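Chemist: Build the 3D model from these lines:
(2 chains)
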Amino acid sequence: DAMVIQNPRYQVTQFGKPVTLSCSQTLNHNVMYWYQQKSSQAPKLLFHYYDKDFNNEADTPDNFQSRRPNTSFCFLDIRSPGLGDAAMYLCATSRLTGNEQYFGPGTRLTVT
Amino acid sequence: ILNVEQSPQSLHVQEGDSTNFTCSFPSSNFYALHWYRWETAKSPEALFVMTLNGDEKKKGRISATLNTKEGYSYLYIKGSQPEDSATYLCAFIGGATNKLIFGTGTLLAVQP
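Modeler: Numbers count the residues shown, from 1 in each chain, chains lettered A, B, ... in the order given. Next up, the predicted model:
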């Protein structure tokens, strides 16, 4: 059974049109992460939540926001997607920071 | 800037061949080294979490070693099978940050 679910698997949006990616987990883990992976590059951490505490990476653009309304769900909002935001977006969870992470299958975002 | 490097970038082997690849990471302030396997269209899944210098871990035909003093880890696959085809990612956690810093991965293709 899937433990970290991401919807949708593929998302196409238009340049400048806000888009939301969602992630849910059945593991009851404290920490949820969002990573961006561009072609042939390493996954890059955008931000993470430890419970309700939001931790933004210093180089994450302001265009990227996140919400975690409860333990199970976490959303990635891209306010005004640019062509450079086309990427695979991975959600992951862990019980504590530094522990093994459990990943969803990712959402591939295309910006037209 | 923390740098995690993996080599080779890609590898093609025949079924039954044994293979190995390398992950290099900063040797200072080490906390843990993770290996993940990411099959196409699936979620990355954790293979090993390694914390001690000299650690060797094994899961079936796959094993990994860790040298924290010189900053490298090797992943070995004995008798490769087509189902081993995947991208193998390593990720370093430095004690100061407790966050995963990923390498770009090694793409393994095993030909039947």
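
Chemist: How about the residues of chain B by chain A?
Modeler: Near chain A, the residues belonging to chain B are B:4, B:31-32, B:34, B:36, B:41-46, B:49, B:89, B:93, B:98-105 when assessed by CB under 8 Å from any CB of the partner chain. The C-beta positions use only the backbone N, C-alpha and C, and glycine is treated the same way.

Chemist: are any of these buried, and which?
Modeler: Buried residues within these, defined by neighbour count using 16 or more other CB atoms under 10 Å in any protein chain shown: B:4, B:32, B:34, B:36, B:43-44, B:46, B:49, B:89, B:93, B:98-105.

Chemist: quick one: which of these sit in strands?
Modeler: Assignment to strands by DSSP state E places the following of those there: B:Ala32, B:His34, B:Tyr36, B:Ala46, B:Val49, B:Leu89, B:Ile93, B:Leu100, B:Ile101, B:Phe102.

Chemist: Need the nearest residue in space to the spatially most central residue of chain A, chain neighbours excluded.
Modeler: The geometric centre of chain A, computed from its C-alpha atoms, lies nearest to A:Trp34 (CA atoms, centre = their mean), at 3.2 Å. With CB to CB, 6 or more residues apart in numbering or on different chains as the measure, A:Leu46 is the residue that lies nearest to A:Trp34, at 4.6 Å, once sequence neighbours are left out.

Chemist: And A:Asn28, by the same measure?
Modeler: A:Asn28's closest residue in space is A:Thr71 (CB to CB, 6+ apart), at 6.2 Å.

Chemist: can I get the CA coordinates of stretch A:59-68 in PDB?
Modeler: As requested, the backbone C-alpha atoms of stretch A:59-68 are provided in PDB (Å, rounded to 0.1, in the frame of the first residue of the first chain):
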ATOM      1  CA  ASP A  59      17.800  29.700  -1.800                       C
ATOM      2  CA  THR A  60      14.200  28.700  -2.400                       C
ATOM      3  CA  PRO A  61      12.500  31.300  -4.500                       C
ATOM      4  CA  ASP A  62       9.600  33.300  -3.000                       C
ATOM      5  CA  ASN A  63       7.500  32.000  -5.800                       C
ATOM      6  CA  PHE A  64       7.400  28.600  -3.900                       C
ATOM      7  CA  GLN A  65       5.200  28.300  -0.800                       C
ATOM      8  CA  SER A  66       4.000  25.400   1.200                       C
ATOM      9  CA  ARG A  67       1.100  24.600   3.600                       C
ATOM     10  CA  ARG A  68       0.700  21.700   6.000                       C
END
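
Chemist: which residues are contacting that stretch?
Modeler: A:32, A:34, A:46-47, A:49, A:52, A:54, A:74-82, A:85 (CB atoms under 8 Å, 6 or more residues apart in numbering or on different chains).

Chemist: Now do that stretch, average pLDDT.
Modeler: If you average the pLDDT over stretch A:59-68, you get 96.

Chemist: Pretty sure B:Glu83 sits in a helix.
Modeler: Yes: if the criterion is DSSP: H, G, I helix; E, B strand; the rest coil, then B:Glu83 is within a helix.

Chemist: Can you pull out the low-pLDDT segments for chain A?
Modeler: Where chain A drops to pLDDT under 70, the residues are A:1-2.
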